[in-house]
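Student: Fold the following and give me the result.
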Amino acid sequence: MQVNAELADLIYRLTAHGLSPTTAKSVSFYMVLVNAKIASLAHAFQDLFTVLSVTDFIMLLSSIGMTLSGKDRRLVQKEAPSASHIIRELPHKVS
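Tutor: Numbers count the residues shown, from 1 in each chain. Take a look at the predicted model:
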């Protein structure tokens, strides 16, 4: 309903400025289509921003909680040093 009213208003305005009715109809349809695409894209970006903001806030809270508790969860666990890296005592030099 609203789109039809908007199309009729645009066609009326464009014909008042001297365009033929068929040209005015195609131009007004294109203008409504472009405006709808822009509004849809803006809404999608707003939703994406909201989701990312909530996710970032949850990550911030968990990071603060881990910092305050002193716990850390490593992605790669520490391994015991291999036998080749253990420093052995050398025998004392006898002179």
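Student: now for the helix of greatest length in the chain, which elements pack on it?
Tutor: Assignment by DSSP state H gives helix 21-69 as the longest helix of the chain. Packed against helix 21-69, as judged by 3 or more C-beta pairs under 8 Å, 6 or more residues apart in numbering; DSSP states H and E, are the following elements: helix 2-16. Glycine gets a C-beta too; all of them are placed from N, C-alpha and C.
Student: Other residues contacting the helix it packs on?
Tutor: Contact with helix 2-16 is made by 21, 23-25, 27-29, 31-32, as judged by C-beta atoms under 8 Å, 6 or more residues apart in numbering.
Student: let's go with 6 Å and repeat that
Tutor: 21, 24-25, 27-28, 32 (C-beta atoms under 6 Å, 6 or more residues apart in numbering).
Student: Look up how far residue 46 lies from residue 56.
Tutor: Residue 56 sits 16 Å away from residue 46, going by C-beta to C-beta, to the nearest Å.
Student: now residue 18
Tutor: For residue 18 relative to residue 46 (C-beta to C-beta), the value is 39 Å.
Student: Residue 5 now?
Tutor: The value you get for residue 5 to residue 46, if C-beta to C-beta is used, is 26 Å.
Student: Repeat that for residue 68.
Tutor: Residue 68 is 33 Å from residue 46, by C-beta to C-beta.
Student: what's the answer for residue 58, then?
Tutor: Relative to residue 46, and taking C-beta to C-beta, residue 58 is found at 19 Å.
Student: Repeat that for residue 22.
Tutor: From residue 22 to residue 46 the distance is 37 Å (C-beta to C-beta).
Student: in the protein, what spans have low per-residue confidence?
Tutor: 71-91, 93-95 (pLDDT under 70).
Student: Centroid-nearest residue for it?
Tutor: residue 48 (5.1 Å; C-alpha atoms, centre = their mean).
Student: check contacts around that one.
Tutor: Going by C-beta under 6 Å, 6+ apart, the list of residues near residue 48 is empty.
Student: can you check residue 21 too?
Tutor: Counted by C-beta under 6 Å, 6+ apart, residue 21 has contacts residue 15.
Student: Repeat that for residue 27.
Tutor: By C-beta under 6 Å, 6+ apart, the neighbours of residue 27 are residue 14.
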